[in-house]
Each structure stands twice: as C-alpha cells, then as structure tokens.
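Peer 1: coordinates for the following, if possible.
(chains A and B)
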Number of protein chains: 2
Amino acid sequence: MGRGPIHGPTNPMVTPLLTDLYQFTMAYAYWKASKHNERAVFDLYYRKNPFGGEYTIFAGLEECIRLIANFTLQDDDISFIRESLPSSCEDAFFDYLKGIDCSDVEIYAIPEGSVIFPKVPLMRVEGPVAVVQLLETPFVNLINYASLVATNAARHRFVAGKSKLLLEFGLRRAQGPDGGIGASKYCYMGGFDATSNVAAGRLFGIPLRGTHSHAFVSSFTSPDEISEKSLNSLDGSTLCKDFVNQVQTWLQKLKRLRELGELFGETNQSELAAFASYALAFPNSFLALVDTYDVIRSGLPNFCAVALALNDLGYKAMGIRLDSGDLAYQSCEARKFFNVIEKEFCIAEFGKMSITASNDLNEETLDALKKQGHEVDSFGIGTHLVTCYAQPALGVVFKLVEINNQPRIKLSEDVTKVSIPCKKRCYRLYGKEDYPLVDIITGENEPPPKAGERILCRHPFTESKRAYVVPQRVEELLKCYWRGSADNEREELPPLKEIRKRCISQLEQMRPDHMRRLNPTPYKVSVSAKLYDFIHFLWLNEAPVGELQ
Amino acid sequence: MGRGPIHGPTNPMVTPLLTDLYQFTMAYAYWKASKHNERAVFDLYYRKNPFGGEYTIFAGLEECIRLIANFTLQDDDISFIRESLPSSCEDAFFDYLKGIDCSDVEIYAIPEGSVIFPKVPLMRVEGPVAVVQLLETPFVNLINYASLVATNAARHRFVAGKSKLLLEFGLRRAQGPDGGIGASKYCYMGGFDATSNVAAGRLFGIPLRGTHSHAFVSSFTSPDEISEKSLNSLDGSTLCKDFVNQVQTWLQKLKRLRELGELFGETNQSELAAFASYALAFPNSFLALVDTYDVIRSGLPNFCAVALALNDLGYKAMGIRLDSGDLAYQSCEARKFFNVIEKEFCIAEFGKMSITASNDLNEETLDALKKQGHEVDSFGIGTHLVTCYAQPALGVVFKLVEINNQPRIKLSEDVTKVSIPCKKRCYRLYGKEDYPLVDIITGENEPPPKAGERILCRHPFTESKRAYVVPQRVEELLKCYWRGSADNEREELPPLKEIRKRCISQLEQMRPDHMRRLNPTPYKVSVSAKLYDFIHFLWLNEAPVGELQ
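Peer 2: Residues are numbered from 1 along each chain as shown, chains lettered A, B, ... in the order given. A predicted model of the protein is given here:
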C-alpha cells in the first residue's frame, strides 16, 4: 500500500484522446442532461478464452493506471474535440472538459499476471459516468492485446516445456511499433526468457538476445577479405597470427573424419569467411546461423571448424541457429556432428553445443517437434507469437452495471452477451492440494464466502447448473489500484519481473486438466444464489414481452 | 521534387533502438572487420499476397523516411547498447555509432498507396552496410502492418461496394495503442471513409464518426429523469416546452398504425429516455443505437417517435445503428418501418433514414449480407479489419542483394525463398485499356523497356514460364525518396488524402479478374532475360554440390 508518483503510459500516444469519438459525444449528452456526475460502475471482462484454451493471463493493468494517474485534457485537445463535435454544442461543456481528471475514480482490479476466466470482472471502474465512459476505449485497448499475447506466450511455454529457452523474435512482424514493444513486454510476462527487441529491453529490463542474420553471411565473398586475422587466446598467453588459417586446417581435419567427411564436400567459402569474421569479433560468444547455403553440407562443418579453432585458444563457442527446413532432423544431425567431434578430438562438452531453432514456429510446430524428437535447446519465435496468429483479438468489453446505485443490465438475444448487473465482489475458491476450484461473483454487500463453509455456486444464466463447494481457502480477487487522491490506500504497481513470477506461479498452480492443449476442462465461474436471483429478476423486468403472431 | 524538413515518426517510440539486437551485434562485427562502410544494397519485398488475394497495397513508406531523416543515436542509447553487447567490444566502436546517420543512405521506393505484387522490390535501400542493416527491423515493422491493414481495408471496400459508407471502429480491439492509430490511418488510405479514433482523426485529419453506446442507453432508468425537456425549433420560431411528451404522443400514434402497431407493445422506457435525451443534446444529428433491449419491439419504435418529434421542430434525424442479431433482416424491417411512416404521415425522405450496421463484420459477412439483400447504408467495422483477423501478418523481408558492387544471393531449399540478386530496376507494363499487364525487374544498367517494343518477360525461377509483351505504356516503379543530403532530388511525401486517392485510383485501374474474392487471376511478375540468366549463374555458383548416397 502507498506510493510515489505514477509515470504516464509507456507509449506517449496513449492520451485521453486515444478514445472513440462517441465517448465525447456521450459526455456531451450526459452533461447536457446534467447526468455527467452520476456515479457509475463499469465492469471490464471478457466472454471467451482465446486459442481454444480454458484460461487467460490478465495483462495491461499498469498501463491503464498510468493513463488515469495522468488524465487531463490539454487546451489543444479541447480545441480539437470542439471542432469534432457539432457546432451547436455549448461552450460550458468545454470548460467542464478542461477541469476533468480521475480524482473521483476508483479502480478495483485483479493483480496483473493473474490467471483469469470469462465473465469475472477483471477491473471494476467507478466514478462520474462521463469520465469513466471516456476511459472505456483506452482501457479495453490496453488490456485486450496485452492479455492476449501474454496468454499466447504462456501457451507456447506450456508446449515447449520448462527446460527450453524461449526467445521472442517478433518485432518485425508485429502489428506496428508498439505491437512489437508490447509483445516483448507481455511475452516476457507470460514466461519467455528474452527478446531481440532493443527498445523493449531498455524500457522494461528484459534480457536481450541476438547474433547475426543471413545478410551478414552473404555480405562476405571470400576469406581473403579478412585483413585482421590475429586473435589472442582467452588467457592472453598466446597470439594466433592467422586465425583463418587455423579454421581452414580444422575444416580439413573434419573432412578427413570417416563419420563426417562423407557428409560434405567443398563448403561455401564466403560463409566460412563470415563465421571466422564473426568469431574474431565475438570470440567469447560465437553463435552462428548455419542455413544460408546448406546446413549439413556447409553451415555445420564451417561452424565446427571455427568453434574448434576458438577452442584451441581457450574460447568456448556457444552454438548454432537453424532458420529453415526440417528443424527436428537438422538438430539431430547437428547433435551427432557435435558428439562425433567431442569424441574424436576429446573436447569436453562440445556435444552440448547449444542449438537454437527459429522459422515460423508456433504451438503446433513446437508440439510436432516434441513428438518427432529433436535436439533443440532454444526456440526463437516471432510472427505467430506476437500477432497471435491463431486468434488475433480478444473480446474484452466494458459494461455499465450500476448507476446512481441502480443496477443496470445489457440484454442480448445471445444469452452469453447478457451482462451481470450490480457492483460486485469476486472470490477464488481453492480446493484440495490448493488447486483453484471455482470463481464466484457475489453482490457487493453479501457476506464473503469462508474457508470450510459450504457455498452454493450457480451458473449465472443456466438454472440447472449449480454445485455446493466447501473451499479450503478463499481469495478475494479485486484489489484497489486507484482511489483518486487517497494515494496510500492503493496496491503498489509491482515491477515486471514480479508480475512475471506471479504469472508463472499461478500457471503452475492450475489443475493440469484445465491447461492441456486438446479438450481442456473448463474452469467454473459462478454467481452466488442471491446474485443469481437478482440477475433474473432484473432481466425479466427490462425485456419487452413479445407476441407470437 | 525538393522540400522542407521531415518530422520524426508519428510514434515517438520509433527510434534507432527499435530494432533487433543482432543488428547491433552485426554492426560491431562489420566494424571489427573494417567492412562497416562497404556499400550495400538491400531490397525490401514480400513473397505472397495476403488474404488469399492477388494484390497488396504498399503503405508505411512515409514513416520509414521520417525515421531515417532523424536517425541518430543519443548518448544514453549508446550507453544502453554498450551494456547489451559483450564487454569485450572495443570503445572505438561506440564512438563510431555516435557519429552515424543516414546521410550516405539512398532510398528508392514505389509510391505509398500503390498496388503492389510479390517479389518486386518495394524499397531499395543503399548505403554503408552497418547503417542499412540497422534499418532492417524498423522498416519491416513499419511496412508490414501498414501494408497488411491497408490491403484489408481495400478488400472490405471491394466487397461493400463504392456506394456504402465504411467506418473503421477498431481502436479497442487493435493490437496495442498504435495498432489502433496505424489501423485508422491505413484503413483510410485503403478506402475507408472515417474512423471513430479521435487521436487518429487529429493526427491525420481523418473524418471522425460516432454517436453513443449501449452504456448510454442503459444509464437511463426513466423519462422522469430528464429535467430540462424544452427544445427550440430549428428555425428558432417556436419552443417545444415538453419534448419528451411530444415523443410519447408520437409513440402512441405509431402504436395505433395498423401496419406497425402489431409489431410492438410497451417499449422500454429507459431506452426512450436515453433517445430523447440524446436528441435534446444533438437535435441536428440524432443517430441512435437501437438494439440495447430489442430492435423491433423497442429500439425502432422509440427511435421513430423521437425522430418524428424532432421532425415537428424542423430537425431531420440521421438514422439508426444495429449492433447485434440478423443485420439483413433487421435492416429490411427498419426500412419498411421508415417507409410506412413516410407514407402514413407524409414525411418526405423519412424512408431514406440512414442505417448503420456493426458487430463483428468482415469480408465474408459483408458478402453474405449482399447476397441476402439488406438495407444498410453504412458499415462500422472493427476487430476483423484492424487485427487482420483472416491473416494477421504479412511476410515483408529485407535482403542483401549487392555489396561492394558484388551481387549476392540468399539460397534456400524452398525455391520461393531464394532472393533475386543485384541492384535492380522495376517497371510496370500496361496493355490495352491501360490495364497493368506485368511487372518486370531488370538489372540496373539494362536499357529500360519501351512502349510499343516487344519484351521477353521470364518467371524468375521457372524456366518454362515466359511470355513476350508489347506494352502500350511503361512506368518505372522505384522513385528516389531519400538521397542523404541531396535534399532536392527526392520525391515529396504527399499528404494522406493524396495517397488515399492514388490507392483508390490504382485499385480501380486493375483488371477485374485480379481483384475478385474467389480464385482471382495471379498478376504476373517477371525478370528480364538477362537478369534471369544471371540469377541462375549465381545460384549454381553459390550452391554446394551434393552427393547422393
């Protein structure tokens, strides 16, 4: 609880104008009807988990709080809004806009990085209706993609397994610049280990990874290009005057090995030049992309020749990256190659050389690789991860549930789209082995469920679906993240690494059948008996009665 | 030609650090090998049209030019890069980084808003290899999504037809804040008419649209809430003291109409209050969302009662928005309703009331609506449009094609991934009726194709695919957009409205069979006979020869 100033959103383009015009049109209509200060409660929630799964990761909260902590309209913003609304709008409205901020707004939210489920309010936003309405679009924008991509990252981690290194390589394919920056942040939150995105590394302290591309390899034409060929040994004791020659010598030795020599003939010499040159620049961290010309016939032997020459000088090469073709096969061949060298030349650990794979990976290909058997240690994942290719949008919504202490409901012919009215509280009930068992939503003033007590949990819309639960433990989900000027009553915004930890530990806590890729068991979300009755009373009250003809 | 200063990118987060770490790792290796100033030529292109179509719109160029026009690394950027690279990197490299800019870079590009095809270089970027390499990631990021979403917009326009108003409503579902801002800009470029996104409207001068949401409707509980009920007539001659009463009177009249009265009973009074209140705020531009409770039984009669009361005072209501259910059916019912009123009460043009439809629209649903028959005038499209749901990524790549005047090629087991080497020129050849016929890529120094002369066009990789063409007109595609300090030799960056015009007119110029949604005819992209021979000479030269065992 408590805390210092809150900075503005990461992206300076996130301002009160990053909203739909109708939020301002409505603000005017509320103001004109003298309703603008009526106290409203909105719930932010979603209706269906993405990617055919049964869970989602909640992300983007901090950016929302940063927006409202700095929420004011500047004079030029107001001039623009005035131009955009009908000229009949009264001047006094714009004076009102000039004065608005979020000091009367309260926000209760589930902590960022939590595992979440459909229909449960992720944020409950209370305040003057006109102000809270303006927050709808930016909040939904900031939560939607953040939660979607964090969930996607968590799903990729689940398939890859805990022991693999997962690298986010998506910047170039992301939907715009902060599609890329957001992806790096929220993939790290969802369980990735590092990113290639320098800007994101700097903004959020995410570990950075990256070596070289095909262009680097093809920029060399021959080993003769390399003018400075000398390299000191790691301990400084000796100087190798012609490292390139040392590499060529090793290449010949490899060629003469019975088990390897048959695999390749003349390797590509421009590739050899590129590898040698890269090793001269980074003798301590040599990792080469080996598929520019041909992995088995050129890239792999060239890499090993350079790695062996480095080894002569006390340096340990890091490994290879594969970026095309049959990754399972190539990785197994590469591992054999490394093992032969370890054995033939008695070089300890050469067989453990790291193998990174990239090239259009996704949940399916990771799963297929696992089934085929592979020797990859580390996966670089881009397009499918950051654009959420399998499902590029999450349907987070923001619905009015109460105004002036009056509960409100939004009806729909589609029952799943009916909103749950009233200001509410939400709890997670834990069962045996501390697995989350069910989330329950109650009215604001109902007594909270207690550990050890029997509670009736009802499906919000289906009469027949209900169950008694005796929780081992009860956790209230919504915590206060903003209470206007009452600055010391709100939860701290934890650093990204803490949020990531929370996310990983919450995922591990889930019962395995909710998490599996195929046909996962749905996690139950329920309402209390009292709230159930109230929803259905209000529903009948608001819906017009038809006449069949 | 010529021009003033170029501002930085729209999103201030687009800086030289918005790149992959490996671009800096390579920069160091180039520098260490004294290769960093070698003159390189990179081509930016893509391999496959998105959405199962046969064309793409080129977008994002201006943002790339804005980045390089302001491309320098600040001291704190360099400190961060130093921390991110191995500590063995030499100090002099960071001094070098401090001094880099794009004054030695040249960029040739196809004008933004053009219709483009696979394999044709969209941008040719020349300059010191280390500097140009740094541009790869941001350029690809800035072009990929921009081109993808502009193409998506153009496809939606194609299905909707020219006469419909198309509104981009995607901000809340976009992949992050500038996923939203970019979507608004590039959808407008691709042929949309307006956006709901206020920030984008302001940044780019895009027309704004928006009225009210379900929350506005459900924020009202009863007509008694409305305290100020008076409304002046449009000409100021009369004052209606109780507009709400006037609305109620009209509602009763509607109820008594034989053709309408059967359709509805008691309408929802909180909805009626919301509509009346909104009309009091915007008597000149009353447009109501009619599906909060029930379109036919509540929303539509309530809307018409308010529209008729407004009509009494000389105001013309604008129309309705439908956001759920069967849009074709509802729009037809609404049109009938309006027509009955026009006829029964002799209100000219009431039947022409505008009908806007939204709710998860996409190419397929627009197409299905057209086939069913509908009365919608205007479509509000969000999620599917801005996230490019049908295909959320475009595969733009950036490949080295020449260094130090030496042509370079990137091979791949997948023939479609082999790059076309050399610095090149590109032409569009036009045939009868001025339809674009084929794009041809030639070596930089080949004589350009001429109108009226017979030219052999060859498929770059398939020997047997070739054709003679006698173009009626020849257009060179790549124009100079940046030539370092030679500021007056570059093309002007046109305003967004000009780019939009170019895009729309280029789309109209295409032969219809390339444009259809199902099984469109591929547009041909070819190379000259000379370039064909050279590609295959180089290919054989670089590829290792295998031995079957």
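Peer 1: domain assignment for chain A?
Peer 2: Per automatic domain parsing, the domain ranges recorded for chain A read A:21-154+A:391-542, A:211-376.
Peer 1: what sits against the closest residue to residue A:173 other than its chain neighbours?
Peer 2: Nearest residue to residue A:173 in three dimensions, chain neighbours excluded: residue A:383, at 4.3 Å (Cβ to Cβ, 6 or more residues apart in numbering or on different chains). Where C-beta positions appear, they are placed from N, C-alpha and C, glycine not excepted. By Cβ atoms under 8 Å, 6 or more residues apart in numbering or on different chains, the contact set of residue A:383 is A:170, A:173, A:360, A:389, B:393, B:395.
Peer 1: where's the dip in pLDDT among the residues you listed?
Peer 2: For the contacts of residue A:383, the weakest pLDDT value sits at residue A:360, with 90.
Peer 1: report the secondary structure state of that one.
Peer 2: Here residue A:360 is recorded as coil under DSSP: H, G, I helix; E, B strand; the rest coil.
Peer 1: neighbours of it, how many?
Peer 2: Residue A:360 sits with 15 neighbouring residues when counted by other Cβ atoms under 10 Å in any protein chain shown.
Peer 1: measure the residue nearest to residue A:313 when sequence neighbours are not counted to residue A:310 for me?
Peer 2: Leaving aside its chain neighbours, residue A:313 sits nearest to residue A:233 (4.1 Å; criterion: Cβ to Cβ, 6+ apart). Residue A:233 sits at a distance of 10 Å from residue A:310 (criterion: Cβ to Cβ, to the nearest Å).
Peer 1: more crowded one of the two?
Peer 2: A count of neighbours by other Cβ under 10 Å puts residue A:310 above the other of residue A:233 and residue A:310, at 27 against 15.
Peer 1: that one contacts residue A:285, correct?
Peer 2: No - shown here, residue A:310 and residue A:285 do not form a contact pair, counting by Cβ atoms under 8 Å, at 10.4 Å.
Peer 1: distance of residue A:339 from residue A:163?
Peer 2: According to Cβ to Cβ, residue A:339 and residue A:163 sit 19 Å apart.
Peer 1: buried sites along the lowest-mean-pLDDT helix or strand in chain A?
Peer 2: Within chain A, confidence by mean pLDDT, DSSP states H and E is lowest for helix A:258-261 among all helices and strands, at a mean of 84. Neighbour-count burial for helix A:258-261, with 16 or more other Cβ atoms under 10 Å in any protein chain shown as criterion, is recorded at residue A:260.
Peer 1: now the closest residue to chain B within the stretch 201-350 of chain A, what's its secondary structure?
Peer 2: Nearest residue of the stretch 201-350 of chain A to chain B (Cβ to the nearest Cβ) works out as residue A:210 at 3.3 Å. Three-state call for residue A:210 (three-state DSSP): coil.
Peer 1: that one contacts residue A:196, doesn't it?
Peer 2: Yes - the pair residue A:210 and residue A:196 qualifies as a contact (Cβ under 8 Å) at a distance of 4.7 Å.
Peer 1: overlap in contacts of these two?
Peer 2: With Cβ under 8 Å, 6+ apart, residue A:210 and residue A:196 have common neighbours B:20-22.
Peer 1: return only those of those found close to chain A.
Peer 2: B:20-22 (Cβ under 8 Å from any Cβ of the partner chain).
Peer 1: most neighbours among those residues, which one?
Peer 2: Among those, residue B:20 has the most neighbours (other Cβ under 10 Å), with 29 neighbours.
Peer 1: who does that one form a beta bridge with?
Peer 2: On the basis of DSSP bridges, residue B:20 is bridged to residue A:197.
Peer 1: now do it against residue B:26, distance only.
Peer 2: For residue B:20, the distance to residue B:26 equals 10 Å [Cβ to Cβ].
Peer 1: likewise residue A:424?
Peer 2: Taking Cβ to Cβ, one finds residue A:424 at 54 Å from residue B:26.
Peer 1: of these two, who's got more company?
Peer 2: A count of neighbours by other Cβ under 10 Å puts residue B:26 above the other of residue A:424 and residue B:26, at 27 against 24.
Peer 1: my read: the more buried one touches residue A:212, true?
Peer 2: Yes - using Cβ under 8 Å, residue B:26 is in contact with residue A:212, at 5.0 Å.
Peer 1: where does the prediction get shaky in the stretch 351-500 of chain A?
Peer 2: Residue ranges of the stretch 351-500 of chain A with pLDDT under 70: A:485-486.
Peer 1: which parts of it are helices?
Peer 2: Here the stretch 351-500 of chain A has its helices, by DSSP state H, counting those that start in this stretch, at A:363-372, A:383-386, A:496-509.
Peer 1: what's the most buried one of the ones you listed?
Peer 2: When these are scored by mean count of other Cβ atoms under 10 Å in any protein chain shown, the highest mean neighbour count falls to helix A:383-386 (a mean of 26).
Peer 1: can I get the CA coordinates of that helix in CSV?
Peer 2: C-alpha atoms of helix A:383-386 as CSV (Å, rounded to 0.1, in the frame of the first residue of the first chain):
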residue,chain,number,x,y,z
THR,A,383,5.2,-14.0,-36.2
HIS,A,384,2.8,-16.5,-34.7
LEU,A,385,3.6,-15.4,-31.1
VAL,A,386,3.4,-11.6,-31.5
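Peer 1: run the chain-centre distance for that helix.
Peer 2: On the basis of Cα atoms, centre = their mean, to the nearest Å, helix A:383-386 sits 10 Å off its chain's mean C-alpha point.
Peer 1: before we move on, what about stretch A:152-159?
Peer 2: With Cα atoms, centre = their mean as the basis, stretch A:152-159 stands 10 Å off its chain's centre.
Peer 1: got CSV for the contacts of residue A:383, with distance to residue B:366 too?
Peer 2: Putting these into CSV (distance: Cβ to Cβ, whole Å) gives the following:
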residue, distance to residue B:366
A:170, 30
A:173, 27
A:360, 30
A:389, 23
B:393, 23
B:395, 26
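Peer 1: can you select the buried ones among those for me in PyMOL?
Peer 2: Per 16+ other Cβ under 10 Å, the buried members of the contacts of residue A:383 correspond to this PyMOL selection:
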select buried, (chain A and resi 170+173+389) or (chain B and resi 393+395)
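Peer 1: determine which two of the contacts of residue A:383 are furthest apart.
Peer 2: Farthest-apart pair in the contacts of residue A:383 is A:170 and B:395; separation 12.6 Å (Cβ to Cβ).
Peer 1: dig out what residue A:397 forms beta bridges with.
Peer 2: residue A:45.
Peer 1: the lengthiest helix in chain A near chain B at all?
Peer 2: Counting by DSSP state H, the longest helix found in chain A is helix A:129-160. Yes - using Cβ under 8 Å from any Cβ, helix A:129-160 reaches chain B at A:129, A:133, A:136-138, A:140-142, A:144-146, A:149.
Peer 1: within range of chain B, give me the residues from the stretch 351-500 of chain A.
Peer 2: For the stretch 351-500 of chain A, the contact set with chain B under Cβ under 8 Å from any Cβ comprises A:383, A:387-389, A:392-396, A:398-400, A:403, A:406, A:408-414, A:417.
Peer 1: so residue A:35 sits against residue B:221, correct?
Peer 2: No - between residue A:35 and residue B:221 there is no contact under Cβ under 8 Å: 10.7 Å.
Peer 1: of these two, who's got more company?
Peer 2: Neighbour count, other Cβ under 10 Å: between residue A:35 and residue B:221, residue A:35 has more, with 23 against 15.
Peer 1: check contacts around the closest residue to the more buried one other than its chain neighbours.
Peer 2: Excluding the flanking residues, the one nearest residue A:35 by Cβ to Cβ, 6+ apart is residue A:129, at 6.4 Å. Going by Cβ under 8 Å, 6+ apart, residue A:129 touches A:30, A:35-40, A:400, A:403, B:219.
Peer 1: swap the cut-off to 10 Å and go again
Peer 2: A:26-27, A:30, A:35-42, A:400, A:403-404, B:215-216, B:219 (Cβ atoms under 10 Å, 6 or more residues apart in numbering or on different chains).
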